[in-house]
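Peer 1: how would this look folded up:
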Amino acid sequence: MTVDLRFLLMLGGAVAALWAFTRWRLAVQAVLVLLIVEGAVRKWVVPGAQDLVYFAKDVLLLAAYAGFLAHRRRRAPVAHAPALWLALALGAAYGLAQAFNPRLPGVLVGILGFKAYFWYVPLLFVLPAVFPDDAAVYRFVRRYALLAIPVGLLAAAQFLSPSSSALNTYARASQDAGYVSTFGSSAHVRVTATFSYITGYSSYLLVTAVLLLTLLAVQRWRWRGQLALYLALAMTLLGMLMTGSRGPVFLIVLLFPIYWLLAVVRERGRAAAIGRQVLVLGLLAAVLGYAAPDAFEAFRGRAAGRGDVRSRIAAPFVAPFTSMDEAGFFGFGIGATHQAAAAVASQTLPYSWLRGDRPEVESGRVMLELGPLGFVLVYFVRLYLVVFALGQALRLRTRFHRALATAAFLIFLAQLPGAVVFDPTMGVYYWLLGGLLLTAMRLDREAVRAAAAAAAPRPHRPMLPVPVPALTRSRAAWHRP
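Peer 2: Residues are numbered from 1 along each chain as shown. Presented below is the predicted three-dimensional model:
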């Protein structure tokens, strides 16, 4: 039965890949929706074929990339960022060479690692060609952000259900091999919504919160016509509490003043927007505190019971130096510390090819895999994107484009010490925001050109003069005797 199911899924995947090649613009958007519902399919629909569902979005993206390349005349112009393109090219070449590192247990581990690092980078080039104008971008971002409402309702149902409920399960190979995480201070579960694990849902919540704040900044935090956005924001904030993860909450608190300065204070009509913003946030806090006190208490109890805040904040900055000596100059190879490496390696003991334990944070794992040279290439790109996005947020001409650049800047800044490679959910969203940034740059240039063309005075077109020979003949006739 399982074999038949897997065969049908592979056949359906082949058909979907063909569709993605021919309709690559829609396929890219469909992949982003699949990213949300993928975990639900793995947990509840086809638990016996989780690996096929996991790689479905990657296959569809590959077909969409091929469709994009097949339509060369429709590609959007690439932004002028030579240092970024050079660093990405060097990083990809170095990563490909690292797939054959002799310290790896097999080439399959290297291929898996290369996918984790570079599979979603082409979104930088594809996204600007997906959306033809501002209306298409805004419509997609708004609809995508509003998906937080049904996702949040499922998370609330999980929070109110016991840990033994069918709603509360993870995507894993064996349903008997794991457990469902709960809050230390209560019996409530730490929710995952439609995602496979808590980490993926937490990444989704952070990106969704930034997108919602972006849309509200564009609308100047008005009430009329934006109630759905406020409901989605409330469900997103509630979801952060119900996951029990301190990271998204901490990052939102840290990033909000930067967002406030870039997307609200700098814009026209800031006084009214700030007043509406304070009122809305106050009402949201009051409503959530009244309607979901258990979520607040569960999160507060877990956060107060953990005393490792300082060490966890410092770990991304310390781990590369502690892993450098162990890694050597070339590291253990790309993918050596990947969470799925043990499943594709032929070693008896998982990660026995490493000298010691895997670091918990991504920066240490990148150093361990790629060595100092690869580490510099990877984090140069991340640092460059932070500076580049900030420059565009300050430079672009229209409010909507500046807001998109601000959203990209906030995610790039948050993920500078975060997980982009080893968190597949954040990996997709990270390069998605990069693609939206380049899309905003293209549309902003087009808007400026259109405005300049509309404002330019039209050339004066005088009436056609009478031909000179005819005029001469006429005057000569007047002077005839």
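Peer 1: residues of the helix or strand containing L231 that come out buried?
Peer 2: In the assignment (DSSP states H and E), L231 maps to helix 227-243. Buried residues in helix 227-243, defined by neighbour count with 16 or more other C-beta atoms under 10 Å: 229-230, 232-243. In short, each C-beta sits where N, CA and C put it, glycine included.
Peer 1: same question, stretch 48-57
Peer 2: Using 16+ other C-beta under 10 Å as the test for burial, stretch 48-57 gives 49-50, 52-54, 56-57.
Peer 1: how distant is that stretch from the center of its chain?
Peer 2: Distance of stretch 48-57 from the chain centroid (C-alpha atoms, centre = their mean, to the nearest Å) equals 20 Å.
Peer 1: would you mind putting the CA coordinates of that stretch into PDB?
Peer 2: What follows is stretch 48-57, C-alpha atoms only, in PDB (Å, rounded to 0.1, in the frame of the first residue of the first chain):
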ATOM      1  CA  GLY A  48       4.300   7.200   5.200                       C
ATOM      2  CA  ALA A  49       5.800   9.300   2.400                       C
ATOM      3  CA  GLN A  50       7.200  12.300   4.300                       C
ATOM      4  CA  ASP A  51      10.400  12.500   2.400                       C
ATOM      5  CA  LEU A  52       8.700  12.900  -0.900                       C
ATOM      6  CA  VAL A  53       6.500  15.700   0.400                       C
ATOM      7  CA  TYR A  54       9.500  17.300   2.000                       C
ATOM      8  CA  PHE A  55      11.400  17.500  -1.300                       C
ATOM      9  CA  ALA A  56       8.200  18.500  -3.300                       C
ATOM     10  CA  LYS A  57       8.800  22.200  -3.000                       C
END
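Peer 1: show me the contacts for A303.
Peer 2: Contacts for A303 (C-beta atoms under 8 Å, 6 or more residues apart in numbering) come out as R246.
Peer 1: can you mark which positions in the helix or strand where it lies are buried?
Peer 2: If you go by DSSP H and E, A303 is part of helix 293-304. By neighbour count, and taking 16+ other C-beta under 10 Å as the criterion, the buried residues in helix 293-304 are 295, 298-299, 302-303.
Peer 1: how far does that helix sit from the chain's center?
Peer 2: Distance of helix 293-304 from the chain centroid (C-alpha atoms, centre = their mean) equals 28 Å.
Peer 1: could you check the angle helix 227-243 makes with it?
Peer 2: On the basis of axes from the mean of the first three to the mean of the last three C-alpha atoms, to 10 degrees, helix 293-304 is oriented at 50 degrees to helix 227-243.
Peer 1: L167 versus L160, what's the distance?
Peer 2: 9 Å (C-beta to C-beta, to the nearest Å).
Peer 1: repeat for L60
Peer 2: 27 Å.
Peer 1: what of L436?
Peer 2: Taking C-beta to C-beta as the measure, L436 falls 33 Å from L167.
Peer 1: again, but for G106
Peer 2: 38 Å.
Peer 1: higher neighbour count, the two?
Peer 2: Legend: neighbour count by other C-beta atoms under 10 Å for G106 and L167, higher for L167 (21 against 16).
Peer 1: hmm, who's touching whichever helix or strand comes after the helix holding A303?
Peer 2: Per DSSP H and E, the first helix or strand lying C-terminal to helix 293-304 is helix 309-327. Residues outside helix 309-327 that contact it (C-beta under 8 Å, 6+ apart): 246, 355-356, 359-372, 375, 417-418.
Peer 1: quick one on the thing from earlier: and the helix holding L231, what does it pack against?
Peer 2: helix 134-146, helix 148-160, helix 198-218, helix 246-259, helix 270-291, helix 293-304 (3 or more C-beta pairs under 8 Å, 6 or more residues apart in numbering; DSSP states H and E).
Peer 1: so what's the residue count around the nearest residue to I258 once chain neighbours are set aside?
Peer 2: Spatial nearest neighbour of I258, excluding adjacent residues (C-beta to C-beta, 6 or more residues apart in numbering): L410 at 6.6 Å. Residue crowding around L410 was assessed by other C-beta under 10 Å; the count is 30.
Peer 1: ok, residues contacting stretch 146-155?
Peer 2: 33, 36, 167, 191-194, 201, 204-205, 208, 212, 228-229, 231-233, 235-236, 238-239, 242.
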